[in-house]
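Visitor: Have a look at this fold, sequence not included:
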């Protein structure tokens, strides 16, 4: 079943006959793959892996989205969202992240409990609801995982974060986000009492395996992180932008 979605992004208003839940999930997945690929075309195989779909099914869906001018697609050259596709993706992401804020701030869900619920709520197509939700929450700029929330024009605040695994010893950093939203990973960070906004100092880095010994909020105790865990913790310099 197709739904009529009216989008108010980049200062002009468009209405399009869109999209099933599945199509919206494809659009969001392509958007995120483009981010990782620095805005270059993404392969149908990468899309299939991200969505756990068969490549043939992905190709069929991409052709359908291309007919709607949501993506541009040329065989063997990959897939790119059109301007229309990017606007739809940003609308979905905006709703998802606002719902995550609502679930954590107003309904007292934990940050490791909200992703799958927001995956369902992001498909509610009501601009009026989204704007009232945004105002009700105080127009937040970031979700509970540190990801920027697009405004109604599609703009997002940029934070110059790096993985903790790429940080330097004896520097003070601020925990600004995560690149892994899996429940097990977020629960693990919770056991370390590590929350967004915490100060992290690297005491030492193991030359053999890249594991880190860190101090959180200048405590007298140390925590040990594997390189893999540290690679999914995003930080920025405490006195930097």
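Guide: That came through fine. Computed from a predicted structure; not experimentally measured. Residues are numbered from 1 along each chain as shown.
Visitor: Can you give the domain ranges for the chain?
Guide: Here the domain parsing of the chain from automatic domain parsing is 1-157, 162-237.
Visitor: Any chance of JSON lines for these, columns mean pLDDT and mean neighbour count?
Guide: No exception for glycine: its C-beta is placed from N, CA and C like everyone else's. Below are these laid out as JSON lines (pLDDT from 0 to 100; neighbours: other CB atoms under 10 Å):
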{"stretch": "domain 1-157", "mean pLDDT": "89", "mean neighbour count": "17"}
{"stretch": "domain 162-237", "mean pLDDT": "94", "mean neighbour count": "16"}
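Visitor: With residue 69 as the reference, measure out to the most centrally placed residue in the chain.
Guide: When CA atoms, centre = their mean is applied to the chain, the residue found nearest the centroid is residue 147 (5.6 Å). For residue 147, the distance to residue 69 equals 28 Å [CB to CB, to the nearest Å].
Visitor: residues contacting residue 130?
Guide: 94, 95, 98, 152 (CB atoms under 8 Å, 6 or more residues apart in numbering).
Visitor: Same question for residue 156.
Guide: So, once contact is read as CB under 8 Å, 6+ apart, residue 156 ends up touching 148, 149, 150.
Visitor: so the residue nearest to the centre of the chain touches residue 176, yeah?
Guide: No. Residue 147 is beyond contact range of residue 176, at 9.9 Å (criterion: CB atoms under 8 Å).
Visitor: Please name the spatially closest residue to residue 32 (chain neighbours excluded).
Guide: Leaving aside its sequence neighbours, residue 32 sits nearest to residue 50 (CB to CB, 6 or more residues apart in numbering; 7.6 Å).
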